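Enquirer: how would this look folded up:
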Amino acid sequence: MKKYIFLIITGLVLSCDSDSSSDSTTMSNETGKAGSLARFTSYNDYLYTVDNQKLNVFNIANRESPVKVNELQIGFNIETLFNYKEYLYIGSQNGMYIYSVQNPEQPQYLSDVQHFTACDPVIANATHAYVTLHADIGCGTTINVLETYDVTDVVNPILISSRNLTKPIGLGLYNDYLIVCDDEVKIFDVSDPSNSVLVHAINRSAFDVIVNNNTLILIGENGLYQYSLNPNSIQNTEELSTINI
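Expert: Okay, here's the model as predicted:
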């Protein structure tokens with residue numbers, strides 16, 4: 001059920017952003033929003049997907065006739081894929097991998113970090129990557145941790161913070177705030193990434209988030225929940241709508 005809910009909401013957000021473009025035949029790396037549990041992402045005219053072991057590359061310049069142009073062996077138990085500009089962050093049960101897509105058809109391995117076996121979503125910005133490790137059936141551990149890496153030098157990620165949580169999973173960034181799905185949806189001030197501070201919580205059960213401008217979409221087992229985000233007062237989150245599933 002999680003997979004299908006996520007695909008529905010990601011498709012909606014991707015299509016809305018794409019329709020706003022003046023050129024419907026190309027896809028900018030600025031279009032489309034996805035959650036941290038995504039297994040696909042786009043960059044310019046290319047679509048990247050992951051399966052259990054591989055990264056697959058598709059040319060989607062012609063959206064009616066996408067063409068698979070490459071596949072790369074990454075490792076085992078690959079789970080998630082997130083891109084920030086020309087970098088792909090790939091989460092597996094054993095670690096995080098960083099690839100460059102400056103040459104979009106030939107992604108280049110840059111670095112990786114290994115950790116205890118755990119389910120592992122990852123997101124990033126220009127300077128830091130955030131990883132949640134959580135206990136789940138099949139992930140082989142009882143660890144529940146939020147990790148922060150300095151990726152200023154993408155070929156040498158450095159772990160700068162590790163914070164115990166209840167059971168973190170999906171996460172998203174909004175300005176200097178990190179939004180994490182835990183036993184509730186927790187919002188941390190990460191203006192100092194090495195010292196995250198809990199500043200707000202939303203009493204909602206969710207497993208992933210999508211941040212689209214000042215809108216927060218929470219994806220849960222029983223539905224989709226949309227909230228407004230106030231950049232001047234993060235505590236003033238207002239529920240806008242609910243779709244029960």
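Enquirer: Contacts only, for the most centrally placed residue in the chain.
Expert: The residue lying closest to the centre of the chain (C-alpha atoms, centre = their mean) is residue 36, at 2.3 Å. Residue 36 makes contacts with 80, 82, 121, 122, 123, 132, 170, 171, 172, 208, 209, as judged by C-beta atoms under 8 Å, 6 or more residues apart in numbering. (Glycine included, C-beta is placed from N, CA and C.)
Enquirer: which residues touch the closest residue to it other than its chain neighbours?
Expert: Distances taken as C-beta to C-beta, 6 or more residues apart in numbering place residue 121 nearest to residue 36, at 3.9 Å, with adjacent residues excluded. The contact partners of residue 121, by C-beta under 8 Å, 6+ apart, come to 36, 37, 79, 80, 82, 91, 131, 132, 169, 170, 171, 208.
Enquirer: Surely the second one forms part of a strand?
Expert: It stands for residue 37. No: assignment of residue 37 by DSSP: H, G, I helix; E, B strand; the rest coil gives coil, placing it outside any strand.
Enquirer: ok, it to residue 123 distance?
Expert: Distance, residue 37 to residue 123, using C-beta to C-beta, to the nearest Å: 10 Å.
Enquirer: Of those two, which one has the most company?
Expert: It is residue 123, of residue 37 and residue 123, that has more neighbours when counted by other C-beta atoms under 10 Å, with 27 against 24.
Enquirer: bridging residues for residue 96?
Expert: residue 91, residue 113 (DSSP bridges).
Enquirer: Enumerate the beta-bridge partners assigned to residue 80.
Expert: Going by DSSP bridges, residue 80 forms beta bridges with residue 91.
Enquirer: Same list, the contacts of residue 121, but as CSV with pLDDT and distance to residue 152 please.
Expert: Converted to CSV, the contacts of residue 121 look like this (pLDDT from 0 to 100; distance: C-beta to C-beta, whole Å):
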residue, pLDDT, distance to residue 152
36, 89, 21
37, 91, 26
79, 89, 25
80, 93, 22
82, 95, 18
91, 91, 20
131, 94, 16
132, 92, 21
169, 93, 26
170, 95, 25
171, 96, 20
208, 95, 27
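Enquirer: closest to residue 197 among those?
Expert: residue 171 (15.6 Å; C-beta to C-beta).
Enquirer: which residues in the chain form helices?
Expert: For the chain, applying DSSP state H gives helices covering 2-19.
Enquirer: Poorly predicted segments of it, please.
Expert: 1-33, 116-118, 136-141 (pLDDT under 70).
Enquirer: hang on, the earlier thing: please report the distance of the residue nearest to residue 36 from residue 37.
Expert: 6 Å.
Enquirer: One more: residue 114?
Expert: Residue 114 is 21 Å from residue 37, by C-beta to C-beta.
Enquirer: Buried ones only from the contacts of residue 36, please, as a PyMOL command.
Expert: Listed next is the PyMOL selection for buried residues among those, using 16 or more other C-beta atoms under 10 Å:
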select buried, resi 80+82+121+122+123+132+170+171+172+208+209
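Enquirer: Now distance to residue 143 too, for the contacts of residue 36, in CSV please.
Expert: Putting the contacts of residue 36 into CSV (distance: C-beta to C-beta, whole Å) gives the following:
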residue, distance to residue 143
80, 17
82, 21
121, 14
122, 15
123, 19
132, 10
170, 17
171, 16
172, 21
208, 20
209, 21
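Enquirer: from the contacts of residue 36, which is closest to residue 244?
Expert: residue 208 (17.1 Å).
Enquirer: Show me what the closest one is bridged to.
Expert: Beta-bridge partners of residue 208, as defined by DSSP bridges: residue 219.
Enquirer: Isn't it up against residue 34?
Expert: No: assessed by C-beta atoms under 8 Å, residue 208 is found out of contact with residue 34, at 9.2 Å.
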